[in-house]
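Student: no letters, just coordinates:
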């Protein structure tokens, strides 16, 4: 019987480190200059084969190009001409670090490599972590000014500090998958041949952004959902970020990424350190579907605070009332929502200060007297009496000029007073990097929870950073880091003080969704666009990295407010059932028949919710205009198939939907039709999706494994 190899090993004689996961190996080797160099990331090899693996050298090596293996985090010294993940400037004017390896530690699944600069008081630790049962490798960097506190100040300027650099093996070609989009069209999957160039993915907005997501995948251009090697990475950061992918003419492909964007710099004084966010990566030989499932499992096990909690069926009042909210109207909506089976009622914007539109009130988090003369507690009590939790929309990072908070503290906003301020949505951003602002936000939100029995915050952020300054601060660009970390801390402290509190991340839709924000929230508002046809594509991109239980999906009115498209209620529900189901729209205008159908569909969702929210997602394949997702129980006991066809063509009936996650040797019962299927048939030929005639057709099929 072979002993299980340790998760992490380091051979100091060879300078050779190996991190092992169930289906991959990550290995590096110290170079002759003291810099850790990449050795391998891919299918497992034993120690003897790894030890015999030669360093990867550039095929273009010459007097103009280095022949060394790629760096684990490239400095800007030596014959390195690609993107540098570490860029520093010393008081003398010298740029760049030159390392000597000074030690390592291994603690279970964590490896730290310590490097000291040969000429300056600078130390970095390259940090790695693997966890039992996971193929994800987590990496981050810690940079420290090691000069004595009582010595000369000699600050070190940090122009770039990435979390990690990654290296793909030599492949016949390279294809880049990433997510792009905009407001109302987030998470659009792009797959394109990687050019021989530097490709920059970035956000300069102070938020993760609607326009790009810090996730990517690389393959050789032939990978599919079920087959092919895929290398994928994701950055756990909720502010501005940058990832640079470099494919050089000789065929080497690397990428480096971390917080911040170009043009920023930070200062380290003696004794000070900077720690980067985690930049995680995984390898799979089984295609994009397996990569997604590995990410989903990682997020459930190691990111989300309470992955075993069912995400509640919520009702949100925004599309019914907009800013026109009052106690009586919200209670009427709550009563209808409860009858439909909603488990959470969320009062959205308009409840506070002088808030009647988006021009005033932000920052004044007390109930608007004419709307809630008795405060919010009577509404919360009635919602609880109806059997639902009570949720509240907040936007604590933002302020209107027309607010008591701004009039009292105009210096609290992110802005350089020597520049004209740009207003977006009639608001400015509060600088959470200021300790007094962070303290105010924490105290204000804590008071709202305590005084109003709040069970859920929908935490919104409808504004990017502009003219981002912090005049007269000794290190003004720190606001780009410290603001985000303060937001994280406020959320963490709130949850610690109120263990039952749940938080939904929102930023004008999906403008701040990443592994960092999901580490302290329960789900993310995916997009302000609730049109079910558009949402099919948005959900497809979101699911490349994030699991269904983190994906808020609403059923709203028809015609849709974003697109004007009219769709059947059942189609809207079947699309929203693919994530954490929510209800919006004006329930007082729904017909008796619509309310009855909605209640039936909510009940159906609750029956499949554990499988949707915690099962294994497979993007099922079919032809034509049909899209399907298949959720499989880890033990193969239950399965759910959701299928959608927005448009139909005469003479083009839907093809059967193949279900490769099933066991070909088993049999499966459809409890609704009382029909038993052969697993082999469903895997190889597929199942009839049973779509009704016409456009906007959808179906929900349940299967249960039975004894053969």
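Tutor: Arrived safely, thanks for sending. Bear in mind the structure is a predicted one, so any value in this text is a computation, not a measurement.
Student: can we go C-alpha only for contacts and neighbour counts from here?
Tutor: Fine.
Student: which of the helices or strands spans residue 643?
Tutor: With the criterion set as DSSP states H and E, the secondary-structure element containing residue 643 is strand 638-645.
Student: who does that strand pair up with?
Tutor: Here strand 638-645 has these sheet partners by DSSP bridges: strand 627-632 (antiparallel), strand 697-706 (antiparallel).
Student: now stretch 115-131: buried residues?
Tutor: Using 16 or more other C-alpha atoms under 10 Å as the test for burial, stretch 115-131 gives 115-117, 120-131.
Student: of all those residues, which two lie farthest apart?
Tutor: For the buried residues of stretch 115-131, the maximum inter-member distance is 34.9 Å, found between 120 and 131 (C-alpha to C-alpha).
Student: find the centremost residue of this protein, please.
Tutor: Within the chain, one residue has its C-alpha closest to the average C-alpha position: by C-alpha atoms, centre = their mean, that is residue 514, at 2.4 Å.
Student: pretty sure it sits against residue 213.
Tutor: Yes - when contacts are counted by C-alpha atoms under 8 Å, residue 514 is listed as touching residue 213 (7.4 Å).
Student: any idea how far stretch 457-474 is from the chain center?
Tutor: Centroid separation for stretch 457-474 versus its chain: 20 Å, with C-alpha atoms, centre = their mean, to the nearest Å.
Student: no wait, stretch 625-632
Tutor: Taking C-alpha atoms, centre = their mean, one finds the center of stretch 625-632 at 22 Å from the center of the full chain.
Student: flag every buried residue along that stretch.
Tutor: Judged by neighbour count (16+ other C-alpha under 10 Å), stretch 625-632 contains these buried residues: 626-632.
Student: what residues does that stretch touch?
Tutor: Outside of stretch 625-632, the residues within contact range by C-alpha atoms under 8 Å, 6 or more residues apart in numbering are 578, 611-612, 615-622, 638-648, 654, 657, 659, 661.
Student: 6 Å - rerun?
Tutor: Defining contact as C-alpha atoms under 6 Å, 6 or more residues apart in numbering, one finds that stretch 625-632 is touched by 612, 615-620, 639-645.
Student: which one of those residues is nearest to residue 260?
Tutor: For these, the closest approach to residue 260 (C-alpha to C-alpha) belongs to residue 617, at 32.6 Å.
Student: which stretch of helix or strand covers that closest one?
Tutor: Using DSSP H and E, the secondary-structure element containing residue 617 is strand 616-620.
Student: what does residue 613 give?
Tutor: According to DSSP H and E, residue 613 maps onto helix 592-614.
Student: give me the distance from that helix to the chain's centre.
Tutor: The gap between where helix 592-614 is centred and where its chain is centred comes out at 26 Å by C-alpha atoms, centre = their mean.
Student: got the buried residues for it?
Tutor: In terms of neighbour count (16+ other C-alpha under 10 Å), helix 592-614 has its buried residues at 595, 598-599, 601-602, 605-606, 608-614.
Student: same question, stretch 363-374
Tutor: Buried positions in stretch 363-374, judged by neighbour count with 16+ other C-alpha under 10 Å: 363-368, 371-372.
Student: sorry, back to before: and the contacts of stretch 625-632, which is closest to residue 233?
Tutor: Distances from those to residue 233 were compared by C-alpha to C-alpha; the smallest belongs to residue 617, at 19.0 Å.
Student: okay, and the beta partners of the closest one?
Tutor: Partner residues in beta bridges with residue 617: residue 631, with DSSP bridges as the criterion.
Student: burial measure for it, as a count.
Tutor: Residues near residue 617, counting by other C-alpha atoms under 10 Å, number 26.
Student: pLDDT value on it, please?
Tutor: For residue 617, the model assigns a pLDDT of 98.
Student: residue 1 too?
Tutor: 49.
Student: can you check residue 651 too?
Tutor: 82.
Student: likewise residue 67?
Tutor: Reported pLDDT at residue 67 in the predicted model: 68.
Student: what do you get for residue 622?
Tutor: Residue 622 is assigned 67 on the pLDDT scale.
Student: with residue 708 instead?
Tutor: 67.
Student: ditto for residue 680
Tutor: Reading off the confidence values, residue 680 has pLDDT 97.
Student: same thing with the one 4 residues further on?
Tutor: In this prediction, residue 684 carries a pLDDT score of 96.
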